[in-house]
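Trainee: output the structure for:
(2 chains)
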Amino acid sequence: MAAVAPRIRANSRALLHWCRRNPVTAFGFGIIIGLGILGLLAPLVAPYDPYALNPANRMRPPSWDHLFGTGIFGEDIFSRVLYGIRIDFGIGLGAVAFGLVAGSSVGVFAGYYGGKIDEVLMRLMDIVAAFPGFILAMAIAGVLGPSIPNLIIAIAFVNVPVYARLSRSRFLVIRSSLYAMAARGVGASDMRILAWHLLPNSLAPIFVQSTLQCGWAILDAAGLSFIGLGVHLPTPEWGVMIGLGAPRIISGQWWISFFPGLAIAITVMGFNLIGDGLQDLLDPKRW
Amino acid sequence: MISFVARRLLLLVPVLLGVTVVTFTLTRIIPGNPIDLMVSPLADAETRERIAENAGLNDPLWEQYFRYIWGVVNGDFGDSFVTSQPVLDDLTSRFMPTFELTLFAMLVAIALAVPLGIASAVWRGTWIDHISRLLAVFGVAMPVFWVSLVAIYVFFFLLHWLPAPQGRISVVVAPPDSITGLFVVDSLLSGNWPALRSSFQSILMPACVLAFAAMAPLARMTRASMIEALESDYTRAARAMGLPERSIVFRHALRNAILPVITMIAIVYGYLLGGVVLVENVFAWPGLGRYVYNAIASSDYPALQGFILYSTTVYVLLFLLVDILYVLLDPRVRI
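Mentor: Prediction:
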């Protein structure tokens, strides 16, 4: 027990040092953690019920009562943007998790067995990657019908080849590593080597990629919802909220669309800064 | 060269076949029976059966698939449920507006991003590097449809510099005579100044918004690839020979650095094909994006299927073009 306190102190000193060396990445982490906390605490922080409509108070510009103004049904934009963190983070993380698990399973399988299995799986991935991403997601979401799970499936599916290729290429490198051979030498089964030795060692670049993909997933989800293929009203999803305010832009009610979009931009920027920073650690030549 | 192109075209066949499998499957996993979309819900069982039989929906799946492929190969993408026109005709007539928009966006993006990338590679770590990095970070993070709305608010509502969303040309201005199908180019060629003015004003905002989104990855790739070239042995050799800096950057480094940028242009163009759907909807642009949006909204599956096949083919051909460019530009890529 006694050894724990100094270790925590040492760790937090190391963390502080790292933040000072990588202020931009730390800023990204700050954004995402801050927004995450705000999203978790939304019921405490939000001044109004995000679903409450107030027809007497429609389309008011931002004021102290309504920080981000009110929408076309008199709903409080600020409260809805706060609750939107839950929805949009959920979709982004969900899509990445699905895509990551499916994609790296495919990649690991292909890389480990090689030969015909490899050939077939990777050609399949080529076909999926041949589609322009957003358009394929649009088609899948359009066919499955608008709902949050379908949105997650659509976005995850499009990203499967990214993870599959990445994990496969990592895999080919470490398959012939000494520790894999050693595990085989002591009689470990294929499954055991895959799950316990190779998978954990191929994760680092995949995680970096998935932070970047998280930003993309949120952008795509918002885009799909904006054109009516994703989340439905009255769910406080940012893309839907922007879509709701879109016809009001030319008559000057900018705040209905502006604040949800700003929330998307800040979130995606946060994820991208983290992803870029981590990628720098792996490949310092990049920006 | 011809054999290289032929071989690459041959390689496209399995990919495009795979794509048709996906588009075909997509319409078969629709919840419910496709027949429900083709006949009125009031139709009796006999009518339903007759129409299903005529449409071949009672045949085995593989037969349906081969009929679909046969149609596609012969340029028959089916008829749209909504416009009742052959889907291919619909798509072809809406291709030019989308092509005009994405072409202008791409030109603006390249014109801004490549010099920016070169500058931030040459003057690495200076203010210009930081500013372009900041632009890149913001550019990819902002939803393109939201940037469109903000641009409309600023340039139409506040400043009155540009018209409200009005499609390709104002309704009170007659479109130019069709020569190339691109309104701006056509009105320029025919000297139709009112049409030029109106079409230019119409395309400026959507094109710049799309360009803004496309700039970031291009600038980033230019920078990374220029840095690599500037740190290479041949650059060092050129420096040692005392060549002027301008010639080192533009004649030696840039020519080697441009290849990955060209690939990136193709990738970004594919990304624009997605973004243009959103932007066309905001700006009422009568292109493929609006068409597919309407197709989805009205469950017009033949139209959706056709659009996906169409844009994927364009996308895949674009990459073929890039490969050919590679061979032409880089003597090291031997056929």
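Trainee: up against chain A, what does the stretch 101-250 of chain B have?
Mentor: Neighbours of chain A within the stretch 101-250 of chain B, by CB under 8 Å from any CB of the partner chain: B:133, B:136-138, B:140-146, B:149-150, B:152-153, B:156-157, B:164-165, B:220, B:223-224, B:227-228. Bear in mind the C-beta positions are built from the backbone N, C-alpha and C, glycine included.
Trainee: now chain B against chain A: closest residue?
Mentor: Nearest to chain A, among the residues of chain B, is residue B:274, at 2.6 Å (CB to the nearest CB).
Trainee: how about that residue: what's its closest non-neighbour residue?
Mentor: Leaving out its chain neighbours, the residue that sits closest to residue B:274 by CB to CB, 6 or more residues apart in numbering or on different chains is residue A:134, at 2.6 Å.
Trainee: quick check: mean pLDDT across the helix or strand in which that neighbour is found?
Mentor: Following DSSP states H and E, one finds residue A:134 within helix A:133-144. Average pLDDT, helix A:133-144: 85.
Trainee: flag every buried residue along the following helix or strand past that helix.
Mentor: As assigned by DSSP H and E, the chain's next helix or strand after helix A:133-144 is helix A:148-175. Across helix A:148-175, burial judged by 16 or more other CB atoms under 10 Å in any protein chain shown covers A:148, A:150-168, A:170-172, A:174-175.
Trainee: determine the set of other helices and strands touching helix A:148-175.
Mentor: helix A:77-113, helix A:115-129, helix A:133-144, helix A:203-226 (3 or more CB pairs under 8 Å, 6 or more residues apart in numbering or on different chains; DSSP states H and E).
Trainee: those helices: which one's closest to residue B:25?
Mentor: The closest of the helices and strands packed on helix A:148-175 to residue B:25 is helix A:133-144. By CB to CB, the value is 9.5 Å.
Trainee: neighbours of the residue in the stretch 51-200 of chain A that chain B sits nearest to, how many?
Mentor: Taking CB to the nearest CB, chain B has its nearest neighbour within the stretch 51-200 of chain A at residue A:134, 2.6 Å off. Using other CB atoms under 10 Å in any protein chain shown, residue A:134 has 25 neighbouring residues.
Trainee: assign the residue of the stretch 151-287 of chain A found nearest chain B to helix, strand or coil.
Mentor: Here the residue of the stretch 151-287 of chain A nearest chain B is residue A:261; by CB to the nearest CB that distance is 3.3 Å. Following DSSP: H, G, I helix; E, B strand; the rest coil, residue A:261 is assigned to helix.
Trainee: kindly report the same for the one 4 residues further on.
Mentor: Under three-state DSSP, the three-state class of residue A:265 is helix.
Trainee: if you skip the residues just before and after it, what's nearest to it?
Mentor: residue B:142 (4.5 Å).
Trainee: correct me if wrong: the one you found contacts residue A:263.
Mentor: No: with contact defined as CB atoms under 8 Å, residue B:142 and residue A:263 do not form a contacting pair (11.3 Å).
Trainee: where in chain A is pLDDT low?
Mentor: Scanning chain A with the threshold set as pLDDT under 70 gives A:1-8, A:282-287.
Trainee: let's see 90
Mentor: Applying pLDDT under 90 to chain A flags residues A:1-28, A:42-77, A:101, A:104-148, A:159, A:162-213, A:215-216, A:227-236, A:244-256, A:272-287.
Trainee: geometric centre of it: which residue is closest?
Mentor: Ranked by distance to the mean C-alpha position of chain A (CA atoms, centre = their mean), the top residue is residue A:214 at 2.1 Å.
Trainee: quick one: residues contacting residue 69.
Mentor: You didn't pick a chain, so chain A it is. Neighbouring residues of residue A:69 by CB atoms under 8 Å, 6 or more residues apart in numbering or on different chains: A:59, A:60, A:61, A:62, A:63, A:77, A:253, A:255, A:256, A:259.
Trainee: could you do chain B instead?
Mentor: B:17, B:20.
Trainee: cool, residue B:95 as well?
Mentor: Residue B:95 neighbours (CB under 8 Å, 6+ apart): B:287, B:288.
Trainee: and the helices in chain B?
Mentor: Per DSSP state H, chain B carries helices over the ranges B:2-28, B:35-38, B:45-54, B:61-73, B:87-122, B:127-141, B:144-152, B:183-189, B:193-230, B:233-240, B:245-247, B:254-283, B:288-297, B:301-329.
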